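Undergrad: Here is the input, now give the coordinates:
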Amino acid sequence: MISEEALTKNKNEDTNKLLWSDIQRKLDKVYQGGGKSRLEKITAQGKLQARERVTYLLDEDRPFMEIGALTGYGMYEEHGGCPSGGVIVVVGYVSNRLCVVVANDPSVKAGAWFPITGKKNLRAQEIANDNNLPIIYLVDSAGIYLPLQGEIFADKEHFGRIFRNNAQMSATGIPQIAAIMGSCVAGGAYLPIMSDEALIVENTGSIYLAGPYLVKAAIGEDVDNETLGGATTHSSISGVTDYKLPNDQACLDKIKELVALQGHKPKSGVDRIESIAPEVDPSEVMSVYPAGGLKPYDIRNLIKTFIDANSLLEYKEEYGKSIVCGYARIDGWAIGIVANQRIITKNGKGEMQFGGVIYSDSADKATRFILNCNQKKVPLLFIHDVTGFMVGTKSEHGGIIKDGAKMVNAVANSTVPKITMVVGNSYGAGNYAMCGKAYDPRFMIAWPSAKIAVMGGNQASSVLAQIQLASKKDGSVTSKEDEIKLTNEIKAKYEEQTTATYAAARLWVDMIIDPRKTRDHISLCLSVTDHSKIEEFKLGVIQT
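TA: Numbering: from 1, shown residues only. Modelled structure (predicted):
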């Protein structure tokens, strides 16, 4: 007879594998870009497809991670969709150096910039800037998508910010290489030319502020594409580009040569020793995390699937039990872990503490631990499964706002690399205190089970339904059945907006990962952050 524990593990495993399978299906779809026919058209032009360009450029058999693969998923359907935001962003090795690679996908609206495309490009530059990495642009774009120009052109975080970043990154010594491998028009022409070096591919690459049709309309001049802004024009006459290459492969090979010449910079100083395999097989994580995130579980059992064996050194183990803090090693890297605990425990006074809730003592413990990690220059990993801070008279009288503010202050001012991973709930102010996107984690990772929202679906749907019912002007009485129906409708819509896919589509998270690959992803993230200097830590005024 199968035990209750075994049945629970089997259910957990099946549920989590199905969740990942659904993400994989969505990824397979977006990897097709604008569709088979458009990809075939690009190949017929003698060009490599966007993903083929990235694959050719990256070192073989070296780890890499794609940022924002699900960007734009389910968005802009009335405009035909925007798979991966029309641009591919990868962090990986080129000529044995970690780089950020940004490649326009011309199969998606000719590589035009949607609002989410701009956001994704800015995120790529942010990763390069924060981690002191070279950035490579593979340009093939028709410029701003005009039907949505009002949402991409003029504001601070819109299209123009890209070029401002080009200038500032160059000033700080971050190498930028741009290859013009297709169209590069209008304002978009500034991106490659504001980079340190610009390459252009013969016959397919072109760059100009206004194309032949616009030139004809503006000044009445008849001119063809090549004469106006082709490879020969800009390599031999204008001097706009630095290298002219016969095809995509030769262009990408030249980029590899240029990257290989770059000097090496000082590392962060974060400690790393020889790696030790985890105590628990990483594949076991699928049976650890509860199906639907509904039942309590010990976060330590989850952590053991990706840290080096026996490396967890827990901080204040008997205090503030709704958060687990401790030092550990991941693939040899030193790391400080701050993780929400989901089991129901008792505090030092014998009072019950519910899992996934941040109490005053937990916030106090986490604050002190974050300060210690900054003192020791130990990177931080935040693991989210949090419903928020504890509410009620007792908590308010105990100063929960004050203690929560201390934790937020420490997170906001922390200067060591921060990596955030959402495995379950990430609700309300708990998201902020645990280093949500607003607090500049170097990378924000989600499992397929992740949920990000102001509050849970049950609470939100109940509140919203009551508001709707209270606002009825005709004074009619709603039956209990109608009230339940309304609540369920609101809940379904609300919960759709809390999913990992919804968050990834809007770049609230950088990537959704297979939980079994957590160790590999975090290790690569730490390798990336190791290229940046850790600044001096300063803490602002806090309530004691």
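
Undergrad: Mind jotting down where the helices sit in the stretch 51-200 of the chain?
TA: Counting by DSSP state H, counting those that start in this stretch, the segments of the stretch 51-200 of the chain that form helices are 115-131, 160-171, 190-193.

Undergrad: Report the distance from the shortest one to the chain centre.
TA: On the basis of C-alpha atoms, centre = their mean, to the nearest Å, the separation between the geometric centre of helix 190-193 and that of its chain is 25 Å.

Undergrad: follow-up on the earlier one: okay, the helices of the stretch 51-200 of the chain in JSON lines with mean neighbour count next?
TA: Bear in mind the C-beta positions are built from the backbone N, C-alpha and C, glycine included. As requested, the helices of the stretch 51-200 of the chain are exported to JSON lines (neighbours: other C-beta atoms under 10 Å):
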{"stretch": "helix 115-131", "mean neighbour count": "22"}
{"stretch": "helix 160-171", "mean neighbour count": "16"}
{"stretch": "helix 190-193", "mean neighbour count": "22"}
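
Undergrad: element containing the closest residue to Asp281 other than its chain neighbours?
TA: With sequence-adjacent residues excluded and distances taken as C-beta to C-beta, 6 or more residues apart in numbering, Asp281 is closest to Thr305, at 7.2 Å. Of the helices and strands defined by DSSP states H and E, none includes Thr305.

Undergrad: which residues does Thr305 contact?
TA: Taking C-beta atoms under 8 Å, 6 or more residues apart in numbering, we find Thr305 in contact with Pro278, Val280, Asp281, Pro282, Glu284, Val285, Val288, Thr518, Arg519.

Undergrad: secondary structure class for the first one?
TA: So the one you mean is Pro278. Under DSSP: H, G, I helix; E, B strand; the rest coil, Pro278 falls in the coil class.

Undergrad: Tell me where the stretch 301-450 of the chain has helices.
TA: So, for the stretch 301-450 of the chain - with DSSP H, counting those that start in this stretch - the helices run 360-376, 393-397, 400-413, 428-433.

Undergrad: tell me the angle the first one makes with helix 400-413.
TA: If I follow you right, that is helix 360-376. Angle between the axes of helix 360-376 and helix 400-413 is 20 degrees (criterion: axes from the mean of the first three to the mean of the last three C-alpha atoms, to 10 degrees).

Undergrad: coming back round to it: any idea which of the contacts of Thr305 has the most stuff around it?
TA: Highest neighbour count within the contacts of Thr305: Val285, with 27 neighbours (other C-beta atoms under 10 Å).

Undergrad: Turn the helices of the stretch 301-450 of the chain into CSV, columns for mean neighbour count, distance to Ala124 and mean pLDDT.
TA: Shown next, in CSV, are the helices of the stretch 301-450 of the chain (neighbours: other C-beta atoms under 10 Å; distance: least, C-beta to C-beta, whole Å; pLDDT from 0 to 100):
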stretch, mean neighbour count, distance to Ala124, mean pLDDT
helix 360-376, 21, 27, 97
helix 393-397, 11, 41, 88
helix 400-413, 21, 24, 94
helix 428-433, 22, 23, 94
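
Undergrad: what residue ranges in this structure score low on pLDDT?
TA: 1, 187, 457-479, 482-483, 486 (pLDDT under 70).

Undergrad: at 50 what do you get?
TA: Filtered on pLDDT under 50, the chain yields no residues whatsoever.

Undergrad: which strands and helices sit next to the longest helix belonging to it?
TA: When the chain is parsed with DSSP state H, its longest helix is helix 4-30. If contacts are counted by 3 or more C-beta pairs under 8 Å, 6 or more residues apart in numbering; DSSP states H and E, helix 4-30 sits against helix 285-288, helix 500-505.

Undergrad: what about 6 Å?
TA: helix 285-288 (3 or more C-beta pairs under 6 Å, 6 or more residues apart in numbering; DSSP states H and E).

Undergrad: Run through who's touching the helix it packs on.
TA: With contact meaning C-beta atoms under 6 Å, 6 or more residues apart in numbering, helix 285-288 is reached by Lys9, Asn12, Glu13, Asn16, Lys17, Asn301, Leu302, Thr305, Pro515.

Undergrad: change it to 7 Å
TA: Lys9, Asn12, Glu13, Asn16, Lys17, Tyr297, Asn301, Leu302, Thr305, Pro515, Arg516, Thr518 (C-beta atoms under 7 Å, 6 or more residues apart in numbering).

Undergrad: could you dump the helices of the stretch 51-200 of the chain to JSON lines with distance to Ser37?
TA: Formatted as JSON lines, these follow (distance: least, C-beta to C-beta, whole Å):
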{"stretch": "helix 115-131", "distance to Ser37": "22"}
{"stretch": "helix 160-171", "distance to Ser37": "30"}
{"stretch": "helix 190-193", "distance to Ser37": "28"}
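
Undergrad: Those: which one's closest to Ala363?
TA: Checking the helices of the stretch 51-200 of the chain against Ala363 by C-beta to C-beta gives helix 115-131 as the closest, at 26.4 Å.

Undergrad: can you count the residues close to Ser84?
TA: Ser84: 27 surrounding residues under other C-beta under 10 Å.

Undergrad: who's in contact with it?
TA: Ser84 sits in contact with Val30, Gly68, Ala69, Thr71, Gly72, Asp105, where contact means C-beta under 7 Å, 6+ apart.

Undergrad: For the fourth one, give its distance to Asp298.
TA: Remark: distance between Thr71 and Asp298 (C-beta to C-beta, to the nearest Å) = 34 Å.

Undergrad: and the two? which has more neighbours close in?
TA: Thr71 (28 against 14).

Undergrad: can you give me the strands in the stretch 51-200 of the chain?
TA: Remark: strands assigned in the stretch 51-200 of the chain by DSSP state E, counting those that start in this stretch are 64-67, 87-94, 97-104, 135-141, 176-185, 197-201.

Undergrad: Save the ones you listed as JSON lines, and put in distance to Ile237 and mean neighbour count too.
TA: Shown next, in JSON lines, are the strands of the stretch 51-200 of the chain (distance: least, C-beta to C-beta, whole Å; neighbours: other C-beta atoms under 10 Å):
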{"stretch": "strand 64-67", "distance to Ile237": "37", "mean neighbour count": "20"}
{"stretch": "strand 87-94", "distance to Ile237": "30", "mean neighbour count": "24"}
{"stretch": "strand 97-104", "distance to Ile237": "25", "mean neighbour count": "24"}
{"stretch": "strand 135-141", "distance to Ile237": "20", "mean neighbour count": "27"}
{"stretch": "strand 176-185", "distance to Ile237": "15", "mean neighbour count": "26"}
{"stretch": "strand 197-201", "distance to Ile237": "13", "mean neighbour count": "25"}
